[in-house]
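*Asks:* Fold the stuff below for me.
(2 chains)
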Number of protein chains: 2
Amino acid sequence: MITERIAALREALKSRELDALAVTKIENVRYLSGFSGSNAVGIIRSDSATLITDGRYREQAGREADGWDLVIYTKDLAAAIAEGLEGAKRAGLEDSTTLAFHRRLLGALEGVTLELTDGVVEELRTRKDAGEIELIRAAVECARRAWDTILPMIQPGVTERQLASGLDYGMMTAGADKPAFDTIVASGPNSSMPHAGVTDRELAEGDLVVIDFGALKDGYSCDVTRTVAIGEPEGRSLKIMEAVLGAWDAAYAALAPGIATADVDRAARKHLEDAGLADFFVHGLGHGVGLEVHEKPTLSYLSKDTLEPGMVFTIEPGVYVEGVAGVRHEETVFWNGEKAEILSREIGPI
Amino acid sequence: MITERIAALREALKSRELDALAVTKIENVRYLSGFSGSNAVGIIRSDSATLITDGRYREQAGREADGWDLVIYTKDLAAAIAEGLEGAKRAGLEDSTTLAFHRRLLGALEGVTLELTDGVVEELRTRKDAGEIELIRAAVECARRAWDTILPMIQPGVTERQLASGLDYGMMTAGADKPAFDTIVASGPNSSMPHAGVTDRELAEGDLVVIDFGALKDGYSCDVTRTVAIGEPEGRSLKIMEAVLGAWDAAYAALAPGIATADVDRAARKHLEDAGLADFFVHGLGHGVGLEVHEKPTLSYLSKDTLEPGMVFTIEPGVYVEGVAGVRHEETVFWNGEKAEILSREIGPI
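*Replies:* Below you'll find the predicted structure:
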């Protein structure tokens, strides 16, 4: 599949009249080469693929980046990239370096026109292949097993930190490399902060608890949120929960071949508007998930993206009323071009 | 202490003839404001400090960034920054944005000369204040407690992944927010990769096991590596262990007021040279630790840094012989200006 990815990238470069691309985003390097280390730049040309990394990764890069030429740099990465681009007329550079490094690279190049090309590889990555879907399924399975182990712990008296560390531990012992992002356990008053962290607060009767977590395994992530009620939540909290679940269903029902993701967002937002809660939905509806936990496509009313076969993304409406409660419901969804599959469906019930 | 940090920054800006700084690195924003969220830009001027963040963080930013003006942007961060810089003649911008964003910001500014000023706040951060040292001590304490819980597990048959997840869980239940970086447990043949990850390999008699871990708590990190021998390691492995520990001692002994960190690196390298192992020490000696797990100063033979009061950094010589074994020993060290303290001393013995 790596071969096909590089072939597709070469096509994309051709249509942009670029005869080389310096791949500086590490997730893109992994996508194209299989190299899983933390520092490398890939140089893709019509007849070669070169991985530039440092001495720490000599052994690992040789093993993982099958079919790639390997260059180890010691001090001057810019010079190594410039050498890799030698003879190219127009080369692309991903927009992920510092400005200072960009200037250094410009100074090292001779006769090469450098063009910022953010998004070329990311665009390819939005259409996941079968191998990638399997990797995301494997990440979901780690999250599911962790969820099952902590479900009985969700009781009054347990702290947010205990639940979060239990989830992280559960994901890792299930085979995850690590949590895909900082696990959120936001209970009671903390639940109204969409991106709360974790505190030592003890769960109490009547709390809503927003639990947002995901596993990272072999480079691929999943992302899921459950909101759990402890005992009997008060009426307004219940109304919010119902509205958020209704908004989720409305967004899911809106999925259709080629639909603008902005329209999917609008379907959820419309539902919350009817419940008088749209003002409390302060973020977008969702985001792509893959080698990054936030990647293309973007699901928001500002997005220009459309639904395409192979996309994996979250649907995660939320309502956050300061002083009352917060609720978010999130699933990782796979769109095969005709229908949707909720990859995270087995993680539940809430 | 926040007030003193901002006062020191204003002095630094004055000496650079800048009348404003846009702080885009999130660790720097935290250092200056106390805001612990993941998205914000700080604008420091001679008479104001403004925090620009998004709707998710309205509540949290108001609570944490005491004394700061708060601006919530919805779509156009560049415009919000430009507004914050209005009326300034020369403004600094940290070199942590994309090139595309930098261009957008330039387009939004009117009458302001923008200068890249990477390292101004980082430079202040190298001299930790008493509060920061306490926070790093607290992170070390989380790591120590986790280490104590996994020590009895380090036996033949346990997997690298089990040890790593046990350490991560132990740090979090001890109060850490998360591991400061991906925990490394590299056993037997894996130990010769300086930045190995974690596999499902079971530890076996005769293995050396490199365990590199650290806790992140309230924004601050620690970083420590232990190499453990399982049973009786063979003679060459033992020789490497002794040489690395000797190199560590040599580096530590070299610490002195105002010494060039390159000379500290050289002291360790010289020791390994005498043991015929210098070629296998393929990375620098160490790095500063604080709000980032890798920050200034750099301890390497290429570094221009010198030892200054308040610095916290790692000393971590390592030797990696493919097919034989790898060994690294790392402590987090605090230099008070006169003498060094090994903050991670209680994590042991190896």
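*Asks:* May I ask which helix or strand encompasses the most centrally placed residue in chain A?
*Replies:* With distances taken as C-alpha atoms, centre = their mean, residue A:293 lies nearest the centre of chain A, 1.7 Å away. Assigned by DSSP states H and E, residue A:293 falls within no helix or strand.
*Asks:* just checking, it touches residue A:181?
*Replies:* Yes. Under the criterion of C-beta atoms under 8 Å, residue A:293 makes contact with residue A:181 at 5.2 Å. Just so you know, the C-beta spots here come from the backbone N, C-alpha and C atoms, and that holds for glycine as well.
*Asks:* Need the overlap of contacts for the two.
*Replies:* Taking C-beta atoms under 8 Å, 6 or more residues apart in numbering or on different chains as the contact definition, residue A:293 and residue A:181 share the neighbouring residues A:214, A:221, A:223.
*Asks:* so what's the second one up against?
*Replies:* Meaning residue A:221. By C-beta under 8 Å, 6+ apart, the contact set of residue A:221 is A:136, A:139, A:180-181, A:214-215, A:289-293.
*Asks:* give me the beta-bridge partners of it?
*Replies:* Each beta-bridge partner of residue A:221 is listed here, defined by DSSP bridges: residue A:216.
*Asks:* for chain A, which spans come out with low pLDDT?
*Replies:* With pLDDT under 70 as the threshold, chain A has low-confidence stretches at A:349-350.
*Asks:* What count of nearby residues applies to residue A:331?
*Replies:* In terms of burial, residue A:331 registers 25 neighbours under the definition other C-beta atoms under 10 Å in any protein chain shown.
*Asks:* Confirm it sits in a strand?
*Replies:* Yes. Secondary structure assignment (DSSP: H, G, I helix; E, B strand; the rest coil) places residue A:331 inside a strand.
*Asks:* Does it touch residue A:342 like I think?
*Replies:* Yes. The criterion here is C-beta under 8 Å, and residue A:331 meets it with residue A:342 at 4.9 Å.
*Asks:* what helix or strand is residue A:266 on?
*Replies:* Following DSSP H and E, one finds residue A:266 within helix A:261-274.
*Asks:* packing partners for that helix?
*Replies:* With contacts taken as 3 or more C-beta pairs under 8 Å, 6 or more residues apart in numbering or on different chains; DSSP states H and E, helix A:261-274 sits against helix A:235-254, strand A:295-299, strand A:311-315.
*Asks:* Nearest to residue A:146, out of those?
*Replies:* Minimum separation from residue A:146 across these (C-beta to C-beta) falls at strand A:311-315, 17.8 Å.
*Asks:* Show me what from the stretch 251-350 of chain A comes close to chain B.
*Replies:* Residues of the stretch 251-350 of chain A found near chain B, taking C-beta under 8 Å from any C-beta of the partner chain as the criterion, are A:282-283, A:302, A:322.
*Asks:* Taking those residues, tell me the two that lie furthest apart.
*Replies:* Between any two of these, the greatest separation by C-beta to C-beta is 24.2 Å, found for A:302 and A:322.
*Asks:* Helices along chain A, start to end?
*Replies:* Taking DSSP state H to define them, one finds helices in chain A at A:2-15, A:26-33, A:58-64, A:77-84, A:99-108, A:120-125, A:130-150, A:160-173, A:235-254, A:261-274.
*Asks:* So which bits of the fourth one are buried?
*Replies:* When burial is assessed from 16 or more other C-beta atoms under 10 Å in any protein chain shown, helix A:77-84 yields the following buried residues: A:77-78, A:80-84.
*Asks:* now what about it, what contacts it?
*Replies:* Identification of contacts with helix A:77-84 by C-beta under 8 Å, 6+ apart yields A:20, A:22, A:41, A:43, A:50, A:52, A:71, A:73, A:101, A:104-105, A:107-110, A:112.
*Asks:* go on, the longest one?
*Replies:* By C-beta under 8 Å, 6+ apart, the list of residues contacting helix A:130-150 from outside reads A:1, A:128, A:163, A:166-172, A:174-176, A:180, A:213-222, A:224, A:226, A:289-290, A:310, A:312, A:332, A:334, A:343-344, A:346-348.
*Asks:* let's see 6 Å
*Replies:* Outside helix A:130-150, the residues that touch it by C-beta atoms under 6 Å, 6 or more residues apart in numbering or on different chains are A:1, A:163, A:166-167, A:170-171, A:174-176, A:214-215, A:217-218, A:220-222, A:312, A:343-344, A:346-347.
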